[in-house]
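Engineer: Take a look and give me a structure for this.
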Amino acid sequence: MDVGPWATEKLECLRKYLQAYTRILGNQQFRGYFYIDAFAGPGSLKLRQEAADPGLRLLLDVAEHAAHDAGEREYISGSPRVALEVEPRFTDYVFVELDKTRIRELEELTREFESRARVHVRRGDCNTYLHALLQRMEGQWRSWRGIVFLDPFGMQVPWRTLAALGATGAVEVFINFPVGMAIQRLLKRSGEFTPPERKKLDAYFGTTEWFDLLYRRRENLFGEDATEKVRRAGDVLASWYRGRLKEAFGYVSAAREIKNTRGVPIYYLIFAGPNRTGARIANEILKQGARRVR
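Structural biologist: Numbers count the residues shown, from 1 in each chain. Presented below is the predicted three-dimensional model:
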């Protein structure tokens, strides 16, 4: 599985937070505390090399998970291995993945760590898995805590999943908010959307408010009423989405802007959870070395 070099920045933020999380939770009296990787991928990732041709480079930068044959590559630990190598350990790990090949790689990774941790690999859609888990765990949240890493390559996590996680009062999330990778491509400058496009965006944001946030009605040069997209729509959207997360979870970090090698913003990394201390630690991590969006 190939990723752009910016993935190392994201994974280092994750590692630092998980390290702090297990140190704190390890000193508290809970039955267990879990880590769920909702888009797990394999245990190791190949760093993509930059393509010489600008057109090809643009295509490679659009999707972080695109495959590209470039000979010898540098390998880095994927998020499952990052989590498994954190000390102290979580009591339970769950890796959710759809791809058969990646499932096999995750099962190999599980065998490597099975003597030291309870690791579970689940094949399927993460939203289905998470809702089923939350239903089984109902009434048990006084005894459990957990963190879910949501790192989609598109808009695969609708708001209803985040709202359900926030309602537990016990689960934190680290989320990749894919503004440049996916969302902006659906947000047309004209403001004209088909019913399926509107439905997809409404489900993702959990509301229809995104439209009035991002579009304004103004007269054009000919005196005609026209719809236009607001400036810096990515920042506007990230700030608003943070507010939505705060309502759902209680506390939220600033949004850390992650850019590709050409300096183009591709997504924001955001923490949300029910605990003030967690938000403070996440803020300290996410503010280091990058522009934050409040």
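Engineer: List the residue ranges of the stretch 1-150 of the chain that fall below the pLDDT cut-off.
Structural biologist: 1-6, 44-73, 75-76 (pLDDT under 70).
Engineer: just the helices in it please.
Structural biologist: Applying DSSP state H, counting those that start in this stretch to the stretch 1-150 of the chain gives helices spanning 7-25, 54-62, 79-85, 100-113, 126-136.
Engineer: what ranges do the strands span in the stretch 151-294 of the chain?
Structural biologist: For the stretch 151-294 of the chain, applying DSSP state E, counting those that start in this stretch gives strands covering 171-177, 215-219, 225-229, 251-252, 255-259, 265-273, 292-293.
Engineer: Can I get those strands in JSON lines including mean pLDDT, distance to residue 155 and mean neighbour count?
Structural biologist: The C-beta positions use only the backbone N, C-alpha and C, and glycine is treated the same way. Shown next, in JSON lines, are the strands of the stretch 151-294 of the chain (pLDDT from 0 to 100; distance: least, CB to CB, whole Å; neighbours: other CB atoms under 10 Å):
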{"stretch": "strand 171-177", "mean pLDDT": "97", "distance to residue 155": "10", "mean neighbour count": "24"}
{"stretch": "strand 215-219", "mean pLDDT": "79", "distance to residue 155": "19", "mean neighbour count": "12"}
{"stretch": "strand 225-229", "mean pLDDT": "80", "distance to residue 155": "18", "mean neighbour count": "13"}
{"stretch": "strand 251-252", "mean pLDDT": "98", "distance to residue 155": "20", "mean neighbour count": "20"}
{"stretch": "strand 255-259", "mean pLDDT": "90", "distance to residue 155": "17", "mean neighbour count": "23"}
{"stretch": "strand 265-273", "mean pLDDT": "93", "distance to residue 155": "11", "mean neighbour count": "25"}
{"stretch": "strand 292-293", "mean pLDDT": "69", "distance to residue 155": "19", "mean neighbour count": "18"}
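Engineer: can you redo those strands as CSV with distance to residue 10?
Structural biologist: Output for the strands of the stretch 151-294 of the chain, formatted as CSV (distance: least, CB to CB, whole Å):
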stretch, distance to residue 10
strand 171-177, 7
strand 215-219, 30
strand 225-229, 27
strand 251-252, 18
strand 255-259, 6
strand 265-273, 6
strand 292-293, 15
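Engineer: just the helices of the stretch 1-150 of the chain: most buried one?
Structural biologist: Stretch with highest mean neighbour count among those: helix 79-85 (a mean of 22; mean count of other CB atoms under 10 Å).
Engineer: Tell me the helices and strands packed up against that helix.
Structural biologist: helix 7-25, strand 32-37, strand 92-97, helix 100-113 (3 or more CB pairs under 8 Å, 6 or more residues apart in numbering; DSSP states H and E).
Engineer: looking at the ones you listed, which is closest to residue 252?
Structural biologist: Using CB to CB as the measure, helix 7-25 is the one of the helices and strands packed on helix 79-85 that comes nearest residue 252, at 13.7 Å.
Engineer: okay, the angle between the closest one and strand 171-177?
Structural biologist: Following axes from the mean of the first three to the mean of the last three CA atoms, to 10 degrees, one obtains 170 degrees for the angle between helix 7-25 and strand 171-177.
Engineer: got the angle for helix 7-25 vs strand 255-259?
Structural biologist: 150 degrees.
Engineer: Excluding chain neighbours, what is closest to residue 16?
Structural biologist: Excluding its sequence neighbours, the residue lying closest to residue 16 (CB to CB, 6 or more residues apart in numbering) is residue 285, at 4.8 Å.
Engineer: Tell me the spacing between residue 95 and residue 201.
Structural biologist: Counting by CB to CB, to the nearest Å, the gap from residue 95 to residue 201 is 29 Å.
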